[in-house]
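A.B. asks: have a look at this fold, sequence not included:
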Ligand SMILES: Cc1cc2nc3c(=O)[nH]c(=O)nc-3n(C[C@H](O)[C@H](O)[C@H](O)COP(=O)(O)O)c2cc1C
């Protein structure tokens, strides 16, 4: 499975793992891949703690950080999260607040304990994302990735000055070309079947398009990959490696809540939907009564990023408190249909590699016949 990216990053397998969970990140890197920590849900202070922990537990292996620097963020600024929240709340209209109140009542969501103040996700505002970058670059990372568009030119320049490679996700070949023109080193071509924010072109169609559009720059294939056979297919399509997100959600190292873990284990590949109900941008997650409520033509529909997440932050916290599997936010891709048991990261990595080798041998044997 060796590709030029293995030598560039000093890894054994070109398997890149996106996870919000530090244990997964460290375990993947220790198993010969490259773990990448998603920063968006952390305050800058928390991110510092997570990266210090990874430094101590990654055994000197390379790892990366993923930030979310949206191209068109709302114009909200400040160092104080409470102040930024107030600014964002002020941008939300009364009919949306009413609808969320109505949903919390309809689903009979338990109130939060006295004094609990759900803050929602601020990581996709410019100021917080910039602080994430500052903290990430102060750690010995090998890669910084950006979810929504190319990172700003100064971030790319600073990363390169630190010897850190830059990656960016692309849902279309033209985005891949733009990234490379902006100085991005590795493009993650992420197809429609992926978990989290995702576009409309399938991995099977997107990967070779992106590979041809930016050759010789490297492409990682993402979206719907969870077996060694799919890794073999991705490399056959011209990718130099793979970038997996969903598959780690049901590992023993993942921090998924019991309700969400149960929902993942039970789901089939037909049970996901692309919805704007959590972040404001289309993201793939398990379909449930909450996603249906935001797709209801009688309702006001979701707001954009970052308003929708702030609008629903109390409801989201109350859903978590309720422990209800039928309402929980469960971001995941279509590969969820194969995520039927809890396994260690090491075991998943081993199976991916073993199955890859078997597929390539099978193809070779078929050609030799
Ligand atoms: C729970 C979850 C959260 C995600 N959050 C982010 C994120 O914050 N930043 C990002 O670049 N990609 C994010 N993604 C997308 C992954 O980086 C990756 O591209 C995707 O999971 C690959 O497809 P797969 O889910 O089929 O493996 C997320 C994916 C999942 C499943």
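C.D. replies: That came through fine. Predicted model only: the values in this text are computed from it and were never measured.
A.B. asks: now for whichever residue of the stretch 101-250 of the chain sits closest to the ligand, how many residues are close by?
C.D. replies: Nearest to the ligand in the stretch 101-250 of the chain, going by CB to the nearest ligand atom, is residue 245, at a distance of 2.0 Å. (Each C-beta comes from the backbone N, C-alpha and C, glycine too.) Residues near residue 245, counting by other CB atoms under 10 Å, number 27.
A.B. asks: that one against residue 336, yeah?
C.D. replies: No. Applying CB atoms under 8 Å, one finds residue 245 not in contact with residue 336, separated by 11.1 Å.
A.B. asks: please enumerate the shared neighbours of the two.
C.D. replies: residue 195 (CB atoms under 8 Å, 6 or more residues apart in numbering).
A.B. asks: can you pull the contacts of the residue of the stretch 101-250 of the chain closest to the ligand?
C.D. replies: With CB under 8 Å, 6+ apart, residue 245 has these contacts: 17, 18, 19, 194, 195, 196, 222, 333.
A.B. asks: near the ligand, which residues of the stretch 201-350 of the chain?
C.D. replies: Taking CB under 6 Å from any ligand atom, the part of the stretch 201-350 of the chain that reaches the ligand is made up of 222-225, 243-247, 331-333, 335.
A.B. asks: any idea which of the contacts of residue 245 is least confident?
C.D. replies: Among the contacts of residue 245, residue 196 carries the lowest pLDDT, at 94.
A.B. asks: let me see the backbone angles for that residue.
C.D. replies: phi 80, psi -160 (degrees, to the nearest 10).
A.B. asks: what sits closest to the closest residue to the ligand within the stretch 251-369 of the chain if chain neighbours are left out?
C.D. replies: Of all residues in the stretch 251-369 of the chain, the one sitting closest to the ligand is residue 333 (3.1 Å; CB to the nearest ligand atom). The shortest distance from residue 333 to any non-neighbouring residue, by CB to CB, 6 or more residues apart in numbering, is to residue 195 (3.6 Å).
A.B. asks: since we're on that neighbour, how many residues are nearby?
C.D. replies: Neighbour number of residue 195 under other CB under 10 Å is 28.
A.B. asks: which residues touch it?
C.D. replies: 245, 246, 249, 272, 283, 284, 285, 331, 332, 333, 335, 336.
A.B. asks: again, only using 10 Å
C.D. replies: 18, 222-224, 244-247, 249, 264, 272, 283-286, 330-336 (CB atoms under 10 Å, 6 or more residues apart in numbering).
A.B. asks: just to be sure, which of the residues you listed are found in strands?
C.D. replies: Counting by DSSP state E, the contacts of residue 195 place 18, 222, 244, 272, 283, 284, 285, 286 in strands.
A.B. asks: which among these end up buried?
C.D. replies: 18, 222, 244, 272, 283, 284, 285, 286 (16 or more other CB atoms under 10 Å).
A.B. asks: those residues into TSV, with extra columns for distance to residue 214?
C.D. replies: Shown next, in TSV, are these (distance: CB to CB, whole Å):
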residue	distance to residue 214
18	20
222	15
244	21
272	29
283	25
284	25
285	29
286	33
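A.B. asks: from those, which two are the most distant?
C.D. replies: 222 and 286 (19.0 Å; CB to CB).
A.B. asks: right, and residue 116 touches residue 110 too?
C.D. replies: No. Judged on CB atoms under 10 Å, residue 116 makes no contact with residue 110 at a distance of 11.4 Å.
A.B. asks: now do the shared contacts for the two.
C.D. replies: Each of 318, 321 lies in contact with both residue 116 and residue 110 under the rule CB under 10 Å, 6+ apart.
A.B. asks: buried sites along the helix or strand where residue 160 lies?
C.D. replies: Using DSSP states H and E, residue 160 maps to helix 153-161. The neighbour-count check on helix 153-161 (16+ other CB under 10 Å) flags 155, 156, 158, 159 as buried.
A.B. asks: next one: it to chain centre, how far?
C.D. replies: Here helix 153-161 is found 22 Å from its chain centre; the criterion is CA atoms, centre = their mean, to the nearest Å.
A.B. asks: report all helices and strands that that helix contacts.
C.D. replies: In terms of contacts (3 or more CB pairs under 10 Å, 6 or more residues apart in numbering; DSSP states H and E), helix 153-161 is packed against helix 126-137, strand 143-146, strand 165-170.
A.B. asks: for residue 87, grab the count of nearby residues.
C.D. replies: Neighbours around residue 87, by other CB under 10 Å: 16.
A.B. asks: next, residue 360: secondary structure please.
C.D. replies: Three-state call for residue 360 (DSSP: H, G, I helix; E, B strand; the rest coil): helix.
A.B. asks: wait, it sits on residue 354?
C.D. replies: No. The criterion here is CB under 10 Å, and residue 360 misses it with residue 354 at 11.2 Å.
A.B. asks: more neighbours: which of those two?
C.D. replies: residue 360 (17 against 11).
A.B. asks: and the closest residue to the more buried one other than its chain neighbours, what does it touch?
C.D. replies: Closest residue to residue 360 apart from its sequence neighbours, by CB to CB, 6+ apart: residue 232 at 5.6 Å. Residues in contact with residue 232 (CB under 10 Å, 6+ apart) are 1, 355, 356, 357, 358, 359, 360, 362, 363.
A.B. asks: most neighbours, which of the residues you listed?
C.D. replies: Counting by other CB under 10 Å, top hit in the contacts of residue 232: residue 356 with 23 neighbours.
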